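> Return a 3D structure for these sequence lines:
(one chain, ligands or ions: 1)
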Amino acid sequence: MTPQTDLVDATPARQQLRELVARGWPVTHIAQHIDTPHTTIVNIYIGRGSRTNRYLARAIARAHEELIDADPATCGVRTHLSRRARRSAALHGWGWQPAVQHAGPLPAEAIARFQNGTRKVGWAHLEWDGPSHFMVLGQQYRPPRIAFTLRTGREPIGGVRPECGHPGCVAPDHVEDQPGRVQTRKRPRDAWRPPAA
Ligand SMILES: [Zn+2]
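So this is what the prediction gives:
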């Protein structure tokens with residue numbers, strides 16, 4: 001049995017695997033690359049279990065470094081297997097990260113936590129899987145507010161909510177703060193008036 005101290009948070013390893021699969025590396029190939037049973041890699045890839053062996057995490061990090069900028073085809077991965085891997089990752093919205101337009105007052109670690117904890121849903125919505133807030137450098141950060149700052153480069157005023165109709169969406173382009181909501185709502189309301197009774 002693995003001693004408790006050899007276990008580490010599986011999140012970075014999971015992100016690295018998903019990124020590799022999104023670039024066309026099949027899980028089978030990654031498992032062979034680091035000489036680890038296929039099912040072990042699959043379990044981390046699909047998110048079964050929140051912790052993993054630290055040596056395995058290190059091996060996955062090294063594989064990520066070695067493979068992420070390489071072309072699967074030139075390393076002997078058959079084209080249809082690469083295509084299938086990319087499609088599998090895309091179906092789950094894995095390996096896709098929202099673009100950072102402005103860092104604004106956000107520390108890099110808060111942006112990284114936001115990017116790693118979100119997943120794309122549908123064509124452009126973004127869901128946050130973690131807790132409602134987290135701490136970085138002694139300060140509290142909330143994903144919807146981070147999303148707003150990533151688009152506008154400033155701190156939001158008042159509450160931040162999605163305007164796209166997808167509950168809990170934190171896509172930077174889909175959230176508004178209070179003044180933003182008033183502005184986007186004013187136009188249609190002014191343009192359309194109910195007929196007089
Ligand atoms: Zn949305």
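> tell me, what residue is most central in the chain?
residue 118 (3.5 Å; C-alpha atoms, centre = their mean).
> backbone phi and psi for it, please?
Backbone torsions for residue 118, taken as degrees, to the nearest 10, come to phi -110, psi 160.
> Disregarding residues adjacent in the polypeptide, which is nearest to it?
Leaving aside its sequence neighbours, residue 118 sits nearest to residue 126 (C-beta to C-beta, 6 or more residues apart in numbering; 4.8 Å). In this view, the C-beta of every residue, glycine as well, is placed from N, C-alpha and C.
> Near the ion, which residues of this structure are found?
Within reach of the ion by C-beta under 5 Å from the ion, the chain has these residues: 125, 164, 166, 169, 171, 174.
> what separates the fifth one from residue 143, distance-wise?
What that stands for is residue 171. Residue 171 sits 11 Å away from residue 143, going by C-beta to C-beta, to the nearest Å.
> Residue 156 should be in a strand, yeah?
No - under DSSP: H, G, I helix; E, B strand; the rest coil, residue 156 falls outside any strand and is assigned coil.
> Leaving aside the residues adjacent along the chain, what's closest to it?
residue 177 (3.5 Å).
> Sketch out the low-pLDDT regions of the chain for me.
1-5, 93, 95-100, 123, 185-197 (pLDDT under 70).
> Going by the annotation, which residue ranges form each domain of it?
4-92, 108-191 (automatic domain parsing).
> thinking again about what came up before, the residue nearest to residue 118 and residue 133: what is the separation?
With C-beta to C-beta as the criterion, residue 126 and residue 133 are 17 Å apart.
> Thanks again, I'm all set now.
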